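[1] No letters, just coordinates:
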């Protein structure tokens, strides 16, 4: 009986957006007199001042609030509905899917809007940039560990290869960021294959030990080969990326423009930080698009099959050598890209930044996020970067807090924050399909 | 001749697991290998697949010497394996498992092969978006067979397909083996401990003991043979 009451269909995402858009529009109209305009006392007389920034916040809040409310109502309804006709695997997975879709879009919205609202808060933008670097590293390692199931404890080596490639190419040969990016990525991929070859036969703990050793070898070489890498002193004054040739400097170069002078802005150190933030956001989004696309291609499915059962893969005619090497190469390349960005952002790198604990944190991000889950990596990276930041008040207990949080997550969610695996292909409409098969019986 | 093994030896480390095996499978036949645990049945099947490689002797498949090829190259020549213990991809959906079976098949046949597998195993279509690990043992075995068929093999190897299944599924599996051969002309090499049922469906059979073929003959002959009856059929061997 209750099914009759709740029989009408839920809203499609487009309908929800339109609905929220209308609410935001109403909020805007109401908000102009209520929030947008305010009176201030100027020398004993009243004058009208504008607060459009605050108004924008209110409108965005109304939009997001409406979306969240609608979604909450619908999901509550769907919950009741699914209770009414028992939990089937299909509804569970479709609920997990909507949840991760909503979360994903929300995360994207927040990450795009963040520097706008915190345009004068250096700390927030900086921390968010760090989160995004780890997101990108997590997505890269996810290809190797989450998808292909090859436990890699030395991932930071590829991050280092990328960072040092850019640092050397730019300081020694004067290469720009955009020229060095693909070359450094290719170099890191080469190192991935180099590591991949000798360990093709290894698996599980043996694989982990060798990759761990590889990570250390790279670090120790960088530390001791002083003529090449500067040894423990590292490489400094690495050029920063420019905005289509416009530098983020206080004074414009002779006969040219700096970013600020070109756009007629007053110079602010924040411009570069915000640009770097958007740069890594774009790099991370490209990584995401790339990896999601690969997952749906035969190579991605082969990685997952390899994780599940290597012998069955071979019996199906798959060349497991190539599958493993491609996973290592692509994972390494993505790590290399992140390294290039890291070097360009810091302006200074040294082997200190590429220790085993970095590898461990990146691996923790992948495992906590739920192996193979793209969104899980985002959540875990955010948590693992923010927990130590919040923990700064606790000084020496900071890492203790960090460890405790990790233990708690693993107890609470042993499969990772988002352990639901998204199938690489699905039926167009699982419900209609279920109805027809039920009808046929 | 579909498959010829001549004097094949194989080693697992120091263990001499196969000691000069001669086996033949002709086009359109069901051939079964029976034998006790540890007799080398699965080793024979795996060394046919290059894992471990034969240390001596020759394996010829469809006119080509495949003795030195790697596992995936052999698979691409048109041999499909339904491995012991099924070895489906548990965290992937039924549909994805079937797709992976067709990973190196001609894409032009994909729809037809999918339709054929679904017609043979309607339960797989019902469960197509379910994770393969959530299927029952019998359903998983059907998925493993369906996955192997997706590559349009010339020769299908079944390694202990009835192992650990409920009797109703065991009957069903043997019925499928018979149908595949009769209706689709599939050549099948079947390894079984369930000698009684295996010999009933097979045209010919080999008895394997300590890595050597000790008896060969038609299914009916072997069923009637006193040695086989004593060793494999009487005293608990009937399933």
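    Perfect, thanks for sending it. Every value quoted in this text rests on a predicted model; they were computed, and no experiment measured them. Numbering: from 1, shown residues only, chains lettered A, B, ... in the order given.
[2] Residue A:250 and residue A:274: what is the separation?
    According to C-beta to C-beta, to the nearest Å, residue A:250 and residue A:274 sit 16 Å apart. Bear in mind the C-beta positions are built from the backbone N, C-alpha and C, glycine included.
[3] between those two, who's got more neighbours?
    residue A:274 (19 against 11; other C-beta atoms under 10 Å in any protein chain shown).
[4] ok, that one touching residue A:117?
    No - contact criterion C-beta atoms under 8 Å: residue A:274 and residue A:117 do not qualify, at 11.5 Å.
[5] I figured residue B:70 hits residue B:52, correct?
    No - with contact defined as C-beta under 8 Å, residue B:70 and residue B:52 do not form a contacting pair (11.8 Å).
[6] Report the contact partners of residue A:406.
    Counting by C-beta atoms under 8 Å, 6 or more residues apart in numbering or on different chains, residue A:406 touches A:364, A:368, A:384.
[7] doesn't the last one fall inside a strand?
    No - inclusion of residue A:384 in a strand is not indicated when DSSP: H, G, I helix; E, B strand; the rest coil is applied; the result is helix.
[8] That one contacts residue A:363, doesn't it?
    No - contact criterion C-beta under 8 Å: residue A:384 and residue A:363 do not qualify, at 10.7 Å.
[9] which SSE is residue 80 in?
    In the absence of a named chain, chain A is used. Residue A:80 belongs to helix A:52-84 when assigned by DSSP states H and E.
[10] please go with chain B instead
    strand B:79-82.
[11] Residue A:241 should be in a helix, yeah?
    No - per three-state DSSP, residue A:241 lies outside any helix segment and is coil.
[12] confidence score at it?
    pLDDT for residue A:241: 86.
[13] ok, and the closest non-adjacent residue to it?
    residue A:177 (3.8 Å; C-beta to C-beta, 6 or more residues apart in numbering or on different chains).
[14] now swap in residue A:341 and tell me
    residue A:280 (5.5 Å).
[15] Do a quick rundown of the helices in the stretch 201-350 of chain A.
    Ranges of helices in the stretch 201-350 of chain A, per DSSP state H, counting those that start in this stretch, are A:204-224, A:226-229, A:259-262, A:269-296, A:298-308, A:310-315, A:320-346.
[16] Contacts for the first one, please.
    Read that as helix A:204-224. A:150-157, A:160-161, A:164, A:191, A:195, A:198-199, A:202, A:229, A:231-232, A:351, A:354-356, A:359.
[17] now swap in the fifth one and tell me
    In this structure, residues lying in contact with helix A:298-308 by C-beta under 8 Å, 6+ apart are A:143, A:147-149, A:294-295, A:312-313, A:316, A:318, A:320, A:323-324, A:326-327, A:372, A:424, B:89-92, B:96, B:99-100, B:103.
[18] Please indicate which of those residues are buried?
    Buried members of the contacts of helix A:298-308, scored by 16 or more other C-beta atoms under 10 Å in any protein chain shown, are A:143, A:147-149, A:294-295, A:312-313, A:316, A:318, A:320, A:323-324, A:326-327, A:372, A:424, B:89, B:92, B:96, B:99-100, B:103.
[19] Downstream of the longest helix out of those in chain B, the next helix or strand is which one?
    Counting by DSSP state H, the longest helix found in chain B is helix B:167-184. The helix or strand immediately downstream of helix B:167-184 is strand B:187-192, counting by DSSP H and E.
[20] Can you spell out which helices and strands pack onto that next one?
    strand B:30-35, helix B:41-48, strand B:155-159, helix B:167-184, helix B:195-201 (3 or more C-beta pairs under 8 Å, 6 or more residues apart in numbering or on different chains; DSSP states H and E).
[21] How far does the fourth one sit from its chain's centre?
    Which is helix B:167-184. Here the centre of helix B:167-184 is set off from its chain's centre by 13 Å, with C-alpha atoms, centre = their mean, to the nearest Å.
[22] for the first one, same thing?
    Its chain's average C-alpha position is 9 Å from that of strand B:30-35, according to C-alpha atoms, centre = their mean.
[23] I'd like the mean pLDDT over the longest helix of chain B, please.
    Rounded mean pLDDT across helix B:167-184 is 93.
[24] And for stretch A:31-50?
    With pLDDT averaged residue by residue, stretch A:31-50 scores 80.
[25] now swap in stretch B:208-217 and tell me
    Rounded to a whole number, the mean pLDDT of stretch B:208-217 is 92.
[26] Buried residues, it. List them.
    Buried residues in stretch B:208-217, counted by 16+ other C-beta under 10 Å: B:208-209, B:211, B:213, B:215, B:217.
[27] now stretch A:385-392
    In stretch A:385-392, counting by 16+ other C-beta under 10 Å, buried: A:385, A:387, A:391.
[28] Contacts only, for the residue lying closest to the last one once chain neighbours are set aside.
    Think residue A:391. Spatial nearest neighbour of residue A:391, excluding adjacent residues (C-beta to C-beta, 6+ apart): residue A:398 at 3.8 Å. With contact set as C-beta under 8 Å, 6+ apart, residue A:398 has these partners: A:388, A:391-392.
[29] so which of those residues comes closest to chain B?
    residue A:388 (32.2 Å; C-beta to the nearest C-beta).
[30] element containing that closest one?
    Using DSSP H and E, residue A:388 maps to helix A:374-390.
[31] mind giving me the domain split of chain A?
    With automatic domain parsing as the criterion, the domains of chain A are listed as A:2-86, A:121-251+A:260-430.
[32] most tightly surrounded among those?
    Stretch with highest mean neighbour count among these: domain A:121-251+A:260-430 (a mean of 19; mean count of other C-beta atoms under 10 Å in any protein chain shown).
[33] From the chain's centroid, how far away is it?
    Chain-centre distance of domain A:121-251+A:260-430: 10 Å, with C-alpha atoms, centre = their mean.
[34] Okay, the spatially most central residue of chain B and residue B:25: tell me how far apart.
    Closest to where the C-alpha atoms of chain B average out (C-alpha atoms, centre = their mean) is residue B:158, at 1.5 Å. Separation of residue B:158 from residue B:25 (C-beta to C-beta) stands at 13 Å.
[35] tell me, what's touching the two both at once?
    In contact with both residue B:158 and residue B:25: residue B:189, using C-beta under 8 Å, 6+ apart.
[36] which SS class is the nearest residue to residue A:377 once chain neighbours are set aside?
    Nearest non-adjacent residue to residue A:377, counting by C-beta to C-beta, 6+ apart: residue A:138, 3.8 Å away. With three-state DSSP as the basis, residue A:138 sits in helix.
[37] what residues are up against residue A:138?
    Applying C-beta under 8 Å, 6+ apart to residue A:138 gives the contacts A:362, A:365-366, A:369, A:377-378, A:380-381.
[38] which pair in those residues spans the largest distance?
    Greatest spatial distance in the contacts of residue A:138: A:362 and A:378, 13.5 Å, computed using C-beta to C-beta.
[39] in chain B, which segments are predicted with low confidence?
    For chain B, residues meeting the criterion pLDDT under 70 lie at B:234-239.
[40] Flag every residue of it that's near chain A.
    Neighbours of chain A within chain B, by C-beta under 8 Å from any C-beta of the partner chain: B:49, B:51, B:71-72, B:75-76, B:80-81, B:83, B:87-93, B:95-96, B:99-101, B:103-104, B:125-126, B:128-131, B:134, B:147, B:151.
[41] Could you tell me which of those residues belong to strands?
    Mapping those onto strands (DSSP state E) picks out B:80-81.
[42] Among the residues of chain B next to chain A, which are located in helices?
    Per DSSP H, the subset of the residues of chain B next to chain A in helices is B:71-72, B:75-76, B:95-96, B:99-101, B:125-126, B:147.
[43] so who does residue A:314 touch?
    Applying C-beta under 8 Å, 6+ apart, we find residue A:314 in contact with A:320, B:49, B:51, B:71-72, B:75.
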